[in-house]
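Visitor: got a predicted structure here, sequence first:
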Amino acid sequence: MSEQDVSGKRRDFSDDDLQDLVASTDTGGRNPTNRAVALIIAGAALAWSLFQLWIAQPQLWFGSWVPVLNSSQTRPVHLAFAIFLAFLAYPASGRSPRDRVPVVDWALAIVGAACAFYVFLFSRDLAMTARSGLPTTPQIVIGTVGIVLLLEASRRALGPALTIVGSIFLLYAYAGTGWLIPDIIEHAGLSFNSIVNAQWLDTTGVFGIPLGVSTAFVFLFVLFGSLLDKAGAGNYFIQIAFAGLGSLRGGPAKAAVVGSAMTGLISGSSIANVVTTGTFTIPLMKRVGFSAEKAGAVEVASSVNGQIMPPVMGAAAFLMVEFVGISYVEVIKHAFIPAVISYIALVYIVHLEALKRDMPALGEAANLGRMFLKIFIGFVVSAVAFTALVYAINGLRAVAPSLSGPVILAAILVIYLLMVRTAARQPELSLDDPNEPGFKLPTVAEVFPTGLHYILPIIVLVWFLMIEMQSPGKSAFYAVGVMLVIIATQRPLKAMFRGEDVGAATRAGLGDLIEGLIAGARNMIGIGVATAAAGIIVATVTKTPIGTELAGLVEMLSGGNLMIMLMLVGVFSLILGMGLPTTANYIVVSSLMASVVVSLGAQEGLIVPLIAAHLFVFYFGIMADVTPPVGLASFAAAAVSGGDPIRTGFTAFFYSMRTVALPFLFVYNPTLILYGVDLGTTVGILQAILVFIVATIAMLLFAAATQGYFLARSRAWESAVLLLVAFTLFVPGFWLDRIQPRFEDLPPTQLAQAFDEAAPGDTVRFVVAGPSYTDGSPTTLTVVHTVQDTDPVTGRADAAGLLLMPEGDKLYMDEPMFGTDFQQKFQGFDFYGEPRVEVTNLQHPAKRMPKQLFWLPALLLLGLVIVMQRRRQTKPAF
């Protein structure tokens, strides 16, 4: 494995070099040779994991002896561990020693951790002083030192971008005005003491929601993934992918996609995914005909997509729970279909590459269509089995509620023992060297039985999340508990079944357990400091006008056009993401831009769900791992493939065009993210299935259009038609809106009547126009109000806080009642200026033809392309 350096010479990369590349970005590149120092770092990481397991323990059995910590107390301890390990594990620069920890770093680690721990230790004093608006001088000093050291820890662990962005926001909060600050977001400036108080001593800045999510949820899921990987699940997933897909045309590329999808379930790191799976997949892709750049690009595109795959999603899923105000299960529901169809499309892209270049299969060739059929049957069988399990457990609980717990636990134990016994009958998994000429693909029959027990903790996680409807933290705790048992016992159990030395295997299992706990904590260093540092931006947004006035700035730049605005937000997310990790980028951009997308959409009459806006900025943020010049995942892939990293990055971005297109599609068609689809009903499930099938077909056509190959090489007009068909399948309502209006206008004076006549669950839609609060310019806002079961029978508009003033055929408004939702929605209007704020339209859904009718001409166009390409087709489509 090699890479071209600046001088044009090729530099070889060993496996140790690649692992060091991962360590330098994910866990810290420092590896002290002094055993005592190494033990201190490992001990601190182990203590962090044990602390997180302790505070996550849901039964709180220790409450009688040890005080139970609340969130404002656990967050400072969490950050203290993160800062301490950041300074010890990450060198200050490329010239800093890696084999020892300098005295300065020891001092910074201890002082930084102490500043964070101070917030825990003196939380009661802070409540009476700083958090009451009366910070003391020592508190200000500690807060100042803490902020500076946090930004330095962020620079070491994540690069300079977040440190620079955080510093700019702090300067903006302090200065308020200046030649670089647009007039629209100018403010008087905050005092130094108030900034330090808000950022470090209060619970809204560094110790705010992002760090709280990291403490309560993210750590457990990252630990779960680390334990799974240490137990061997990562290797198992890769080999399953190879066994199932390796014999297809371009099989190694398809295996890379599926293997990265499965490892993406348990990993939050694009770079780790690239190195882990790419070490095997990239040489094999090159063997069957992929160039070094394309082989690396396939691995990058598939690994980065692991960030959008639930349940972890690079920690963004848990942040969305807090920012959007919906449950974790709802976030997974909304994110699932885009992630799955994106991976299916990537499999299809590499299949088209194999067809275009007539690539051979490794071994006896298999059929992709038949493979998809087998996978579909497997999913159906798994779904039926899981449904039967749900009914069986519910039946047991109904018949014998007191015995159900012990019986279920005993059943899990017996199943686990049987699975390990099955695995013990097979040789340990090891993949042949992909660079060897005699490389032999494993078979599903060889691989599948060896890791069945890895599925148990995943089932436990899904069960508590989806069936028991427990919190993410509690569900992850139980899953981690099962994983701890597995990683500690699988080796001795296998040794017992094989008649080997059980004592040695037990020691090895305990070693794996400790190493997994340490690895989980070290993987959290970057996320811990990132969420804390991103809290600086969140607090600045809430304390200054930038949070409320940014919409006006973006509207001015976009000319009020939603599509242009979405493009600006996408570019902004991409630029920020070039230096920020996924989690920090999402926090920053969603804090600044998510509400802007919603408000500007409303001005154009398009109601954009808040979750769609958050997913939009998140998707564009992760693309920065791909995009040159920073794209770290592309550089990692180039290190494995020996290709040019810049060309690898551009090729990976081209392969990821489907990921770029998806956010625009679900903003204009929220059904794609199952928004408004009730999965608790048969109709909702059927609708979700229809959405999945149509979206998958549309995405495959989009992939074929961008690749210039469908059944044969496409002509330009054929690619254009395929894009048109894909767009129509995705957003059929676009064409219907051109023919029939979505709403009919009713007299605005009927608004109060419409509120009272609507049934619970129905929506009332109306348009408000008036002068802007900032500059007096005319502005409009489309409002959709959902009637709740708790609303009164009559007088609902008054109860909601609306102050309506009908005058003839016009309906004017006064400022809504303070503290109501409408007061928040209409805060951009000047109710004391001229002209007066007015309800201009009451919109009622119009009776229209079904938008799905436009699928028919789209399918006819698709049929035309198929007929034309069938005449030129020289090889099977699958």
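Guide: Structure received.
Visitor: what helices or strands is the longest helix along the chain leaning on?
Guide: In the chain, taking DSSP state H as the definition, the longest helix is helix 368-399. Under the contact definition 3 or more C-beta pairs under 8 Å, 6 or more residues apart in numbering; DSSP states H and E, helix 368-399 sits against helix 233-245, helix 401-424. Placement of C-beta: from N, CA and C, glycine included.
Visitor: and the last one, how far out from the chain's middle?
Guide: Here the centre of mass of C-alpha atoms in helix 401-424, compared against the chain's by C-alpha atoms, centre = their mean, to the nearest Å, lies 33 Å away.
Visitor: any residues touching it, and which ones?
Guide: Outside helix 401-424, the residues that touch it by C-beta atoms under 8 Å, 6 or more residues apart in numbering are 393, 396-397, 400, 449-453, 456, 482, 485-486, 489-490, 493-494, 497-498.
Visitor: returning to what we had before: which of the helices and strands packed on helix 368-399 sits closest to residue 651?
Guide: When these are compared by C-beta to C-beta, helix 233-245 sits nearest residue 651, at 21.0 Å.
Visitor: now the closest one: buried residues?
Guide: Under the neighbour-count criterion of 16 or more other C-beta atoms under 10 Å, helix 233-245 has 233-245 buried.
Visitor: between those, which is nearest residue 535?
Guide: The nearest member of the buried residues of helix 233-245 to residue 535, counting by C-beta to C-beta, is residue 234 at 31.6 Å.
Visitor: relative to residue 219, how far out is the nearest residue in space to that closest one that is not next to it in sequence?
Guide: Closest residue to residue 234 apart from its sequence neighbours, by C-beta to C-beta, 6 or more residues apart in numbering: residue 263 at 5.4 Å. To residue 219, residue 263 is 19 Å away according to C-beta to C-beta, to the nearest Å.
Visitor: repeat for residue 852
Guide: Distance from residue 852 to residue 219, by C-beta to C-beta: 45 Å.
Visitor: follow-up on the earlier one: show me what contacts the residue nearest to residue 234?
Guide: Residues in contact with residue 263 (C-beta under 8 Å, 6+ apart) are 229, 234, 237, 238, 273, 276, 277, 306.
Visitor: how about residue 220?
Guide: 52, 53, 56, 473, 476, 477, 480.
Visitor: now with 6 Å?
Guide: With contact set as C-beta atoms under 6 Å, 6 or more residues apart in numbering, residue 220 has these partners: 56, 476, 480.
Visitor: now residue 524
Guide: 219, 222.
Visitor: quick check: phi and psi at it.
Guide: Dihedral angles of residue 524 (phi, psi; degrees, to the nearest 10) stand at phi -90, psi -10.
Visitor: again, but for residue 817
Guide: phi -60, psi 140.
Visitor: grab the nearest non-local neighbour of it.
Guide: residue 801 (3.6 Å).
Visitor: could you pull out the helices for the stretch 251-400 of the chain?
Guide: Using DSSP state H, counting those that start in this stretch, the helices of the stretch 251-400 of the chain run over residues 251-264, 270-288, 292-305, 316-324, 328-356, 368-399.
Visitor: which of these sits closest to residue 40?
Guide: Closest of these to residue 40 is helix 270-288, at 24.6 Å (criterion: C-beta to C-beta).
Visitor: with only the CA atoms kept, save the closest one in PDB.
Guide: Once non-C-alpha atoms are left out, helix 270-288 reads as follows in PDB (Å, rounded to 0.1, in the frame of the first residue of the first chain):
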ATOM      1  CA  SER A 270     -15.700   7.700   8.600                       C
ATOM      2  CA  ILE A 271     -11.900   7.300   8.700                       C
ATOM      3  CA  ALA A 272     -12.000   4.200  10.900                       C
ATOM      4  CA  ASN A 273     -14.600   2.600   8.500                       C
ATOM      5  CA  VAL A 274     -12.300   3.400   5.500                       C
ATOM      6  CA  VAL A 275      -9.200   1.800   7.000                       C
ATOM      7  CA  THR A 276     -11.000  -1.200   8.600                       C
ATOM      8  CA  THR A 277     -12.900  -2.300   5.500                       C
ATOM      9  CA  GLY A 278     -10.700  -0.700   2.900                       C
ATOM     10  CA  THR A 279      -7.700  -2.700   3.800                       C
ATOM     11  CA  PHE A 280      -9.500  -5.800   2.500                       C
ATOM     12  CA  THR A 281     -11.800  -4.300  -0.200                       C
ATOM     13  CA  ILE A 282      -9.600  -1.800  -2.000                       C
ATOM     14  CA  PRO A 283      -6.900  -4.300  -3.200                       C
ATOM     15  CA  LEU A 284      -9.600  -6.600  -4.400                       C
ATOM     16  CA  MET A 285     -11.400  -3.800  -6.200                       C
ATOM     17  CA  LYS A 286      -8.200  -3.000  -8.000                       C
ATOM     18  CA  ARG A 287      -7.800  -6.700  -8.800                       C
ATOM     19  CA  VAL A 288     -11.100  -6.800 -10.700                       C
END
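Visitor: average pLDDT for that helix?
Guide: Average pLDDT, helix 270-288: 76.
Visitor: just to revisit the earlier point, can you flag the buried ones in the contacts of helix 401-424?
Guide: 393, 396, 450-453, 456, 482, 485-486, 489-490, 493-494.
Visitor: could you list the alpha-carbon positions for stretch 102-116 in CSV?
Guide: This file holds the C-alpha atoms of stretch 102-116, laid out as CSV (Å, rounded to 0.1, in the frame of the first residue of the first chain):
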residue,chain,number,x,y,z
PRO,A,102,5.7,16.8,27.9
VAL,A,103,5.4,18.5,31.3
VAL,A,104,3.4,21.3,29.7
ASP,A,105,0.7,18.9,28.5
TRP,A,106,0.5,17.3,32.0
ALA,A,107,-0.1,20.8,33.4
LEU,A,108,-2.7,21.7,30.8
ALA,A,109,-4.5,18.4,31.2
ILE,A,110,-4.7,18.8,35.0
VAL,A,111,-5.7,22.4,34.9
GLY,A,112,-8.3,21.9,32.2
ALA,A,113,-9.8,18.9,34.0
ALA,A,114,-9.8,20.9,37.2
CYS,A,115,-11.7,23.8,35.6
ALA,A,116,-14.4,21.4,34.4
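Visitor: and it, what's buried?
Guide: 105, 108, 109, 111, 112, 113, 114, 115, 116.
Visitor: which secondary structure element is home to the first one?
Guide: Element membership for residue 105 (DSSP states H and E) is helix 103-121.
Visitor: contacts for the helix or strand just after that helix next, please.
Guide: Counting by DSSP H and E, the element after helix 103-121 in chain order, helix or strand, is helix 123-128. Helix 123-128 has contacts (C-beta under 6 Å, 6+ apart) with 73, 201.
Visitor: what about helix 123-128, distance to the chain center?
Guide: Taking C-alpha atoms, centre = their mean, one finds helix 123-128 lying 35 Å from the centre of the chain it belongs to.
Visitor: what about the stretch 701-850 of the chain, any weak spots by pLDDT?
Guide: Low-confidence segments of the stretch 701-850 of the chain, defined by pLDDT under 70: none present.
Visitor: could I get the full set of strands for it?
Guide: Listed in chain order, the strands of the stretch 701-850 of the chain (DSSP state E, counting those that start in this stretch) span 743-746, 763-771, 778-786, 803-807, 810-814, 838-845.
Visitor: right, and these - which one's nearest residue 531?
Guide: The nearest among the strands of the stretch 701-850 of the chain, by C-beta to C-beta, is strand 778-786 at 32.2 Å.
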